[in-house]
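Chemist: let's see this in three dimensions:
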Amino acid sequence: MHAPAPASPLLAWLDRHVEWLVPTLAALVLFGITFGPTLPVLHTHFLGLEYVDHYGTQWFYWWIDRSVAEGTSPAHADLFFHPWGKDIFAHTGSNVLDAYAAVPFLRLFGQVLGYNLFLLCGMAVSAVAFGYLARDLTEDRLAVRTGAVLFAFTPYILWEA
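Modeler: Numbers count the residues shown, from 1 in each chain. Below you'll find the model as predicted:
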């Protein structure tokens, strides 16, 4: 009988590193397909579809950043229905938590690049959060990491972005 031939060094290396290699390659491919064409204009064009909700998001991010800078309440704005204004939260909703979280990005990188980086970081944080959830369901690190990457690029998340 002959002893089995030793595996090639490349195959042995791949076998040892598959747990991080597959999710990393998946993330790079999905990121490249999804955002690759936009990278050259990331600092001049907002990511996402140009439609009414997107404009509303940009306005709220600007409004919250302004209220933080001025130390004023964002609850009332005279920019609508001037000179009387309107109750922002009663008439437009109150989901400004993301706008507050975006303020550091907007301050550091400007309105456009700051928003885009905030959006990309939000996708990454969503992947990490999903990874923690998946870890509670399985000990298979390859499944957890690959699932986390795939979760970050689900149609719902991309649509919301």
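
Chemist: list the buried residues for the lowest-mean-pLDDT helix or strand in the chain?
Modeler: Ranking every helix and strand in the chain by mean pLDDT, DSSP states H and E puts helix 88-92 at the bottom, with a mean of 81. Residues of helix 88-92 classed as buried: Ile88, Thr92 (neighbour count, 16 or more other Cβ atoms under 10 Å). C-beta coordinates here come from the backbone N, C-alpha and C atoms, glycine included.

Chemist: start the count at 572, not 1, going forward
Modeler: Got it, the first residue is 572 from now on, which makes the last one we talked about helix 659-663.

Chemist: could you list every helix and strand in contact with it?
Modeler: helix 623-641 (3 or more Cβ pairs under 8 Å, 6 or more residues apart in numbering; DSSP states H and E).

Chemist: okay, now the sheet partners of the helix or strand just after the helix it packs on, with direction.
Modeler: Next along the chain after helix 623-641, taking DSSP states H and E as the criterion, comes strand 647-648. Here strand 647-648 is paired, per DSSP bridges, with strand 657-658 (antiparallel).

Chemist: show residues contacting the partner strand.
Modeler: The contact list for strand 657-658 (Cβ atoms under 8 Å, 6 or more residues apart in numbering) reads Ala646, His647, Ala648, Phe651.

Chemist: for these, which one is nearest Ala583?
Modeler: Distance to Ala583, by Cβ to Cβ, is smallest for Ala646 among the contacts of strand 657-658, at 62.2 Å.

Chemist: follow-up on the earlier one: so what touches the least confident helix or strand of the chain?
Modeler: Gly627, Phe631, Trp634, Pro645, Ala646, His647, Ala648.
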